[in-house]
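S.K.: Here you go, sequence then predicted model.
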Amino acid sequence: MLDIYVRDGRFVVLNDLDKVRELDLGNYVKSLDTVVLDISEVAYMMYRNLGRLVANGEELTLDELFTKYSRGSNDWIKFVVLCDLRDRGRKAKAGFSDNSIIFERHDGKYLVYVTEENSPITPNELVNWLSSAISKDYRPLIAVVDAHGDVTYYELLRVRAHDLKEVII
Amino acid sequence: MIKTQLVGSKLIVFDINAAKNIFSEGFFGKPLGVKKPKSTDISSPLELSLIEGMYLLESNVLSVEYMGSALKPEDLRAIASMRIANFDDLYHVYKELRKEGFIVRSGLKYGADFAVYRLRPGLEHAPYLVKVVRFDDYVDPGDLIGWGRLSHSVRKKLLIAVIYPNKEIDYIMFKWFKP
């Protein structure tokens, strides 16, 4: 089991870097020679008994992780989607923003917009998200978490009216 | 020019030959009492929606009479806007899709604004369902999933037509995805 520490408000793995690389979680920061994890990734590792969080010499529970360190409204649903994707065999990891996850599969790289029901978004946000994903060479997905934690995924495509002459998908 | 009568929120073409012409030209409207009009051989008055009527009025295909007067496009638009809250947005998308050569019909039975055909009803099932929104509308992701699930269950693709202030329209296609 990997030890995860809190350093300067960040979750870091100092030892066994090969093991965390194997899990394909977090981002390696060369200057610090550490892997920095997102809170959703820490939660996943704790939940699946892959790691334990140590702060001030004490091991924290999942409950304590979220109580003490959750700052964003998407932290929990991001953890839920990360678990769902990992349980499906995808090596998903935290993405580039507080509500994104990335993963790769045989047909390409995916950038997942994580959201939940009763949390309205504007179509403009979706279009911007979609453009941003494509500009990074990712295929855009939206993952909607329902009231019971079930996740539904949709792939998004931006098309013009004349493109509809051919069924694209 | 084909004469129509505005009755409530419908424009009625009472002349059967004229009705036949309009219907066979682009599958506009619905022949009275025919549930799933597939053939162009119709024999009853034709009911047009306000959106279809507006399009055909602007295209100089028909004239609209209301309480003894002929309506201009701006008159019909004003009446339609009073009866349909987002008439302008719906009409804007309808017009673009029609101009691109699609057959556009009501998508109400599928919980959408429009069902869009590339060919024509009877020859194909509408491949697309369209929901019209403004770029800054708030949409519940739960609703997106609901629309998407319904579309998927009837083997159609869901399109969200997003209207921007400059009137440009983006279409976002939703495809159910199994990771």
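M.R.: Right, received. Where do you want to start?

S.K.: And B:Leu76, how far from B:Phe177?
M.R.: With distances taken as Cβ to Cβ, to the nearest Å, B:Leu76 is found 42 Å from B:Phe177. Quick note: C-beta positions are derived from backbone N, CA and C, even for glycine.

S.K.: B:Tyr66 now?
M.R.: In terms of Cβ to Cβ, B:Tyr66 sits 48 Å off from B:Phe177.

S.K.: and the residue lying closest to A:Leu111 once chain neighbours are set aside, what does it touch?
M.R.: Of all residues not flanking A:Leu111 in the chain, A:Tyr138 sits nearest, at 3.7 Å (Cβ to Cβ, 6 or more residues apart in numbering or on different chains). Contact analysis of A:Tyr138 by Cβ atoms under 8 Å, 6 or more residues apart in numbering or on different chains lists A:102, A:108-111.

S.K.: and the nearest residue to A:Asp33 once chain neighbours are set aside, how many residues sit next to it?
M.R.: Leaving aside its sequence neighbours, A:Asp33 sits nearest to A:Leu17 (Cβ to Cβ, 6+ apart; 7.7 Å). Counted with other Cβ atoms under 10 Å in any protein chain shown, residues neighbouring A:Leu17 total 15.

S.K.: Isn't A:Leu17 up against A:Val35?
M.R.: Yes. Judged on Cβ atoms under 8 Å, A:Leu17 makes contact with A:Val35 at a distance of 5.9 Å.

S.K.: In three-state terms, label whichever residue of chain B sits closest to chain A for me.
M.R.: Among all residues of chain B, B:Gly142 sits closest to chain A, at 3.3 Å; criterion: Cβ to the nearest Cβ. Counting by DSSP: H, G, I helix; E, B strand; the rest coil, the backbone at B:Gly142 sits in helix.

S.K.: That one and A:Leu85, how far apart?
M.R.: B:Gly142 is 20 Å from A:Leu85, by Cβ to Cβ.

S.K.: Tell me which of these two has more neighbours.
M.R.: A:Leu85 (24 against 19).

S.K.: Chain neighbours aside, what residue packs nearest to the closest residue to chain B within chain A?
M.R.: Closest to chain B within chain A is A:Glu117: 3.3 Å, counting by Cβ to the nearest Cβ. In space, A:Glu117 comes closest to B:Gly142 once its chain neighbours are excluded; the distance is 3.3 Å by Cβ to Cβ, 6+ apart.

S.K.: Now do the strands in the chain.
M.R.: Defaulting to chain A. Ranges of strands in chain A, per DSSP state E, are A:2-7, A:10-13, A:27-29, A:34-37, A:51-55, A:58-60, A:93-94, A:100-105, A:108-116, A:139-145, A:151-159.

S.K.: Can you look at chain B instead?
M.R.: For chain B, the strands defined by DSSP E occupy B:2-7, B:10-13, B:30-31, B:46-49, B:62-66, B:69-71, B:103-106, B:114-117, B:128-134, B:157-163, B:169-176.

S.K.: Sheet partners, orientation included, of the third one?
M.R.: Yep, that's strand B:30-31 we're talking about. According to DSSP bridges, strand B:30-31 forms sheet pairs with strand B:46-49 (antiparallel).

S.K.: try the second one
M.R.: In the sheet, strand B:10-13 lines up against strand B:2-7 (antiparallel), strand B:46-49 (antiparallel) (DSSP bridges).

S.K.: again with the last one
M.R.: Looking at strand B:169-176 with DSSP bridges, its paired strands and their directions are strand A:151-159 (antiparallel), strand B:157-163 (antiparallel).

S.K.: and the angle for the last one with strand B:128-134?
M.R.: Translated: strand B:157-163. Between strand B:157-163 and strand B:128-134, the angle comes out at 30 degrees (axes from the mean of the first three to the mean of the last three Cα atoms, to 10 degrees).

S.K.: Relative to the whole chain's centre, how far out is strand B:157-163?
M.R.: 14 Å (Cα atoms, centre = their mean, to the nearest Å).

S.K.: Also the longest one?
M.R.: Going by Cα atoms, centre = their mean, the spacing between the C-alpha centre of strand A:151-159 and its chain's C-alpha centre is 17 Å.

S.K.: So which bits of stretch A:20-33 are buried?
M.R.: A:20, A:23, A:25-26 (16 or more other Cβ atoms under 10 Å in any protein chain shown).

S.K.: Check those against B:Leu56 and report the nearest one.
M.R.: A:Leu25 (59.3 Å; Cβ to Cβ).

S.K.: what residues go with each domain of the chain?
M.R.: Since you didn't name a chain, this refers to chain A. A:2-69, A:75-155 (automatic domain parsing).

S.K.: To clarify, I was referring to chain B.
M.R.: According to automatic domain parsing, the ranges for chain B are B:1-83, B:85-179.
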